[in-house]
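Participant: Next comes the sequence, and after it the predicted model I'd like to discuss.
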Amino acid sequence: MPGRVVQNQVKLAAMNIYERDILPLCDILDICGFSESTFWRTKKLWDETGWVAKPKSTTSGRPRFCAREDIDYILSLVKQRPDYFLDELLNLTKLNRHISVHFTTIFRELERLGMSRKKLKKVAKERNENVRIDFTRRMAQYPPEYLGFLDETSKNNRTYGRGYGRAPKGRRAQMRQDFVRGTRLTGTGLLTLDGMVASTVVEGSMKRVDYLAFLEHEVMPLTTPFPGPLSVLVMDNARIHHGEEILALAERFGPCANRVPSPLLSRLQSH
């Protein structure tokens with residue numbers, strides 16, 4: 001019967017009987033119930049692989065359009081510039097790898113590599129990694145109880161508006177939100193191991209005179225001369241954090257001041 005599936009165990013029994021010369025071939029075929037051509041195909045596999053069935057293929061589906069080198073090239077492009085559009089990747093691949101594929105192929109290959117579309121985190125070009133490393137090295141010499149972190153944050157009516165939502169496929173996610181910014185409030189705080197120990201809020205942006213008053217009357221009385229608890233004040237490179245007045249306050253009350261080369265290194269940025 002054409003197309004009939006012969007179990008592997010039956011084929012294996014036929015090979016063992018034939019090799020041990022227990023029965024002639026015609027009797028083996030009659031007992032096992034398959035043709036002579038099937039027997040010899042199975043015998044060839046048995047001699048070559050040690051098994052009576054073809055090994056399963058490790059790959060399935062149609063061949064990919066992109067070779068391994070093409071995929072590595074696409075991955076290198078994404079690592080170099082994560083904001084490439086699919087059509088830009090398509091054109092670069094066509095120009096430099098000489099392959100013509102659809103942009104959905106690029107999308108599927110990126111998905112297969114575990115690359116997903118995310119909100120871009122922007123990093124300043126002016127950021128100096130050597131300065132950041134040196135700052136981290138210097139700050140490592142201070143015990144945690146020596147440190148106090150100063151920074152500002154602001155809010156208005158639009159601050160709490162969320163940028164992402166959920167909706168059925170094919171429909172926009174809509175929600176009424178404030179478009180008028182309203183009153184802007186700026187808060188400044190001092191963060192230590194004990195939590196937020198001093199803070200102030202002003203309407204509008206924080207000005208130098210407000211910041212100096214906060215330092216003199218709220219922050220500096222809590223500090224101690226270096227070395228000691230809360231004797232190292234850390235602030236970022238905002239313009240109001242610079243000036244002789246701040247250094248004069250530090251000399252008057254005793255703590256030393258350190259400026260963070262990047263806001264991302266300030267502990268206040270994560271609170």
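Facilitator: Yes, it's here.
Participant: Distance-wise, check Arg166 relative to Ile74.
Facilitator: Distance from Arg166 to Ile74, counting by Cβ to Cβ, to the nearest Å: 30 Å. Every C-beta, even on glycine, is put in place using the N, C-alpha and C of the backbone.
Participant: more crowded one of these two?
Facilitator: Set side by side, Arg166 and Ile74 show unequal neighbour counts under other Cβ atoms under 10 Å, the larger going to Ile74 at 23 against 5.
Participant: Surely the more buried one is in a strand?
Facilitator: No: under DSSP: H, G, I helix; E, B strand; the rest coil, Ile74 sits outside any strand and is assigned helix.
Participant: any idea of the pLDDT on it?
Facilitator: We have a pLDDT of 90 for Ile74.
Participant: Contacts only, for it.
Facilitator: Counting by Cβ atoms under 8 Å, 6 or more residues apart in numbering, Ile74 touches Cys66, Leu89, Thr93, Ile106, Glu109, Leu110.
Participant: ok, and what's touching the strand or helix carrying the fifth one?
Facilitator: Just to be clear, that refers to Glu109. For Glu109, the element it lies in under DSSP states H and E is helix 103-112. Identification of contacts with helix 103-112 by Cβ under 8 Å, 6+ apart yields Arg64, Phe65, Cys66, Ile71, Ile74, Val78, Leu86, Asp87, Leu89, Leu90, Thr93.
Participant: Pull out the buried members of those residues.
Facilitator: The neighbour count (16 or more other Cβ atoms under 10 Å) marks Cys66, Ile71, Ile74, Leu89, Leu90, Thr93 as buried among the contacts of helix 103-112.
Participant: Can you report phi and psi for Ala248?
Facilitator: With angles defined as degrees, to the nearest 10, Ala248 sits at phi -70, psi -40.
Participant: quick one: it from Arg239, how far?
Facilitator: Distance of Ala248 to Arg239, given as Cβ to Cβ: 17 Å.
Participant: Can you give me the neighbour number for the closest residue to Tyr146 other than its chain neighbours?
Facilitator: In this structure, Tyr146 finds its nearest non-sequential neighbour in Val232, 4.7 Å apart by Cβ to Cβ, 6 or more residues apart in numbering. Neighbourhood size, Val232 [other Cβ under 10 Å]: 23.
Participant: Kindly confirm whether my reading is correct that Val232 touches Glu145.
Facilitator: No: here Val232 lies out of contact with Glu145, judged by Cβ atoms under 8 Å, at a distance of 9.8 Å.
Participant: Do you know the pLDDT at Pro2?
Facilitator: The predicted local confidence for Pro2 is 54.
Participant: Considering helices and strands only, name the one in the chain with the lowest mean pLDDT.
Facilitator: Taking mean pLDDT, DSSP states H and E as the measure, the chain has strand 256-259 as its least confident helix or strand, at a mean of 58.
Participant: hang on, the earlier thing: spatially, which two of the contacts of helix 103-112 are the most separated?
Facilitator: Farthest apart among the contacts of helix 103-112 by Cβ to Cβ are Arg64 and Asp87. That separation is 20.2 Å.
Participant: could you dump the contacts of Ile74 to JSON lines with distance to Gln177 and pLDDT?
Facilitator: As requested, the contacts of Ile74 are exported to JSON lines (distance: Cβ to Cβ, whole Å; pLDDT from 0 to 100):
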{"residue": "Cys66", "distance to Gln177": "42", "pLDDT": "80"}
{"residue": "Leu89", "distance to Gln177": "34", "pLDDT": "91"}
{"residue": "Thr93", "distance to Gln177": "40", "pLDDT": "90"}
{"residue": "Ile106", "distance to Gln177": "35", "pLDDT": "89"}
{"residue": "Glu109", "distance to Gln177": "37", "pLDDT": "88"}
{"residue": "Leu110", "distance to Gln177": "32", "pLDDT": "88"}
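Participant: Please look at Asp236 and Phe135 and confirm they touch.
Facilitator: No: assessed by Cβ under 8 Å, Asp236 is found out of contact with Phe135, at 10.9 Å.
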